[in-house]
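Trainee: Sequence and predicted structure, then a few things I'm wondering about:
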Amino acid sequence: MNEASAEPTRSRLRPILLVLLVLVCAAVGGSAYTQGYFTPAVEDPFAHALTYKVIRSDMVINVSELGSLESSNNTKIVCRVRGQNTITSVVESGTYVKKGDTVLTLDTLYIDEQISERSKYAHWSKAGAQHWQSVMTRAKLSIPEYLEGRYVARQMEMEKDLAIAESRLRTSQNILAHTMMLQERGYVSALDVEQREFNVTTSKLSVENTKTRMEVYEKTSKAREVARLEGDLKIAKAQFGANDERADADASRRDRAVAEREYCTIIAPKDGLVIHPRAAAWKGAPDITEGGTVYKEQVLLLMPDLDKMQVKVGVHEAVVSKIKVGLPTRIILPNREPIVAAVSHVADIARPASLGSGDVIEYDVIVELPPIPDLKPGMSAEIEIIMAEHKNVLVLPVAAVLELDDGFHCWVKVGSDVVKRDITLGDSNDIFIVIQDGLNEGEDVVLNPLAYIDEAQKEVLVPFGGDPKQKDSPEASSPQIESQSTDTDA
């Protein structure tokens, strides 16, 4: 190859060789740095620590909760029809109605069948009651009819039979005496006397028989017949009472079904807004819709008094002890200016736990609102309860305070050093806390000391009063410092 042709080739390879040389130098330098041949310049260990300058400011201690508007005075429209009922029509929630307007109707097919069935049974029972009333009346009349009629007639008949028998006895005795006299004179035979004696004996037996029948009739037959008649009267009374009561019951069921049929058409008791229960505090109730099922005593609709609106929220048990009646509040509604009101009621008993709430215990706090136009139940509301207000106080972020066994502390930056400071705290909110003693206005305090201050990490790892030697041992501190730093970063 001649020199003329080799010159272009070298010119093309020169840039490639230069790039390779730069890459090799970078690799060697990086390896040397990682192996410790080059050490960076020493920096201030607290240069990257975030600080906060202590200032004086106004601070408000409050608690915020979400809730919804409701009326403290609701006119409830309740289902008055027994059993299970189906809604056939209902006004939409949020409709304004006039007194007397139909707001809800229930299906009446089953009630119409009940009216027809109960009417039939009522007529049958009434007919049975009238029949047994007639039987009872006849049974009542049968007792005096027997005692004053049939009994007396039978008694007189037997007395007549006794008189006839006694008369025949006397006649037989006279004939016997006359026959015996004729026998003594020889006009009749002994056979004739014997025949007349037989007639006397027969007449005596007839008299005795009649007297016995009279005695038995008086003592036994009369009592038996009276008992039978009185028994028939009691049976007639019982049958009449049963049928009459059944007739009243069937008539009452029929009348109740007729009345309930009227209850199937529900009209508005007054002018105003109608809402469904699910739009107010009755969120656990089933939806009121066409085709839905409702039961007796179930709240169907509500007519709230819009001049008596309130907000009810659940406040955690850890905070509710600080909330008193009369504390000022701010109510924030969508697209409205905040409303200033006061706490009107704090519940003494915790609200029932709801599904999914876990072990969270909350108490109801109610704030009544002044009359404001266009407020409707169900509107979302944020309530801010102001528990305390502090004017011109020293405040410090909560992140700068560390609680140890011997109290609360923070670390103050003084020049290039950081000094631990004991502090006394006051009220706090989620962000700032009031400093009562231990800091001065204008001092720089390290935020999140566990991330930057070794002393803070060791104080946390070793309980107050522990062995300080263990505090400095790497075995006791290193793993826990890494864990604490991880928690802080999280």
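Mentor: Structure's in. What do you need?

Trainee: Just to check, A190 is in contact with Q183?
Mentor: Yes: with contact defined as C-beta atoms under 8 Å, A190 counts as touching Q183 (6.6 Å). C-beta coordinates here come from the backbone N, C-alpha and C atoms, glycine included.

Trainee: The two: who's more crowded?
Mentor: Counting neighbours by other C-beta atoms under 10 Å for A190 and for Q183 shows that Q183 has the greater number, 16 against 10.

Trainee: three-state assignment of N335?
Mentor: What DSSP: H, G, I helix; E, B strand; the rest coil gives for N335 is coil.

Trainee: Give me the local confidence score for it.
Mentor: pLDDT, N335: 84.

Trainee: Please work out how many residues are found near the residue lying closest to Q239 once chain neighbours are set aside.
Mentor: The shortest distance from Q239 to any non-neighbouring residue, by C-beta to C-beta, 6 or more residues apart in numbering, is to W132 (4.1 Å). The local packing of W132 (other C-beta under 10 Å) involves 21 other residues.

Trainee: Which helix or strand in the protein has the lowest average pLDDT?
Mentor: Lowest on mean pLDDT, DSSP states H and E among the helices and strands of the chain sits helix 474-489, with a mean of 36.

Trainee: Beyond the longest helix along the chain, next helix or strand please.
Mentor: Across the chain, the longest stretch assigned as helix under DSSP state H is helix 222-263. From helix 222-263 onward toward the C-terminus, using DSSP states H and E, the following helix or strand is strand 265-267.

Trainee: What residues sit buried inside that next one?
Mentor: Neighbour-count burial for strand 265-267 flags I266 (criterion: 16 or more other C-beta atoms under 10 Å).

Trainee: next structured bit after that strand?
Mentor: Downstream of strand 265-267, the next assigned helix or strand under DSSP H and E is strand 272-274.

Trainee: What lies in contact with that next one?
Mentor: 75, 91, 93-97, 103, 268, 301-306, 376 (C-beta atoms under 8 Å, 6 or more residues apart in numbering).

Trainee: try stretch 409-426
Mentor: Here stretch 409-426 makes contact (C-beta under 8 Å, 6+ apart) with 44, 46, 49, 51, 390, 393, 396, 400-403, 407-408, 433-439, 443-446, 449, 453, 455-456, 459.

Trainee: Can you give me the end-to-end span of that stretch?
Mentor: The first and last residues of stretch 409-426 sit 13 Å apart, counting by C-alpha to C-alpha, to the nearest Å.

Trainee: Break down this structure into its helices, ranges please.
Mentor: Ranges of helices in the chain, per DSSP H, are 3-34, 109-145, 151-185, 190-216, 222-263, 317-320, 449-452, 454-461, 468-472, 474-489.

Trainee: Taking helix 190-216 as reference, get the angle to the third one.
Mentor: The reference is to helix 151-185. 160 degrees (axes from the mean of the first three to the mean of the last three C-alpha atoms, to 10 degrees).

Trainee: which strands and helices sit next to helix 151-185?
Mentor: Packing partners of helix 151-185 (3 or more C-beta pairs under 8 Å, 6 or more residues apart in numbering; DSSP states H and E): helix 190-216.

Trainee: Just the buried residues of the helix it packs on, please?
Mentor: Across helix 190-216, burial judged by 16+ other C-beta under 10 Å covers 192-193, 196, 199-200, 203-204, 206-207, 210, 214.

Trainee: picking that back up, okay, the helices of the chain in TSV with distance to A347 next?
Mentor: As requested, the helices of the chain are arranged in TSV below (distance: least, C-beta to C-beta, whole Å):
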stretch	distance to A347
helix 3-34	66
helix 109-145	42
helix 151-185	83
helix 190-216	88
helix 222-263	35
helix 317-320	8
helix 449-452	40
helix 454-461	39
helix 468-472	49
helix 474-489	37
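
Trainee: Buried deepest among the ones you listed, which one?
Mentor: Stretch with highest mean neighbour count among the helices of the chain: helix 449-452 (a mean of 20; mean count of other C-beta atoms under 10 Å).

Trainee: looking only at pLDDT, what's the mean for that helix?
Mentor: Averaging pLDDT along helix 449-452 yields 86.

Trainee: From the contact counts, what lies against it?
Mentor: Judged by 3+ C-beta pairs under 8 Å, 6+ apart, the packing partners of helix 449-452 are helix 454-461, helix 474-489.

Trainee: What residues are bridge-paired with the residue lying closest to K76 once chain neighbours are set aside?
Mentor: Take K76 and drop its neighbours on the chain: the residue closest to it by C-beta to C-beta, 6+ apart is V299, 5.2 Å away. Beta-bridge pairing of V299, defined through DSSP bridges, involves V78.

Trainee: tell me, how many neighbours does the residue nearest to F432 when sequence neighbours are not counted end up with?
Mentor: In space, and not counting its chain neighbours, F432 is closest to V395: 4.4 Å by C-beta to C-beta, 6+ apart. Counted with other C-beta under 10 Å, the neighbours of V395 add up to 21.

Trainee: V395: what's it in contact with?
Mentor: Contacts for V395 (C-beta under 8 Å, 6+ apart) come out as 54-57, 59, 432-435.

Trainee: Export those as CSV, with columns for pLDDT, distance to Y121 and neighbour count.
Mentor: Listed next are the contacts of V395 as CSV, based on pLDDT from 0 to 100; distance: C-beta to C-beta, whole Å; neighbours: other C-beta atoms under 10 Å:
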residue, pLDDT, distance to Y121, neighbour count
V54, 93, 90, 21
I55, 90, 88, 12
R56, 92, 88, 13
S57, 91, 83, 13
M59, 88, 78, 22
F432, 90, 79, 22
I433, 92, 79, 22
V434, 93, 80, 19
I435, 93, 86, 24
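
Trainee: Which single one of those residues is nearest to I366?
Mentor: M59 (26.7 Å; C-beta to C-beta).

Trainee: L394 is in contact with the closest one, correct?
Mentor: No: taking contacts as C-beta under 8 Å, M59 lies outside contact range of L394: 9.8 Å.

Trainee: Any idea what the closest residue to P370 other than its chain neighbours is bridged to?
Mentor: In this structure, P370 finds its nearest non-sequential neighbour in A341, 7.0 Å apart by C-beta to C-beta, 6+ apart. Under the criterion DSSP bridges, A341 forms beta bridges with T329.
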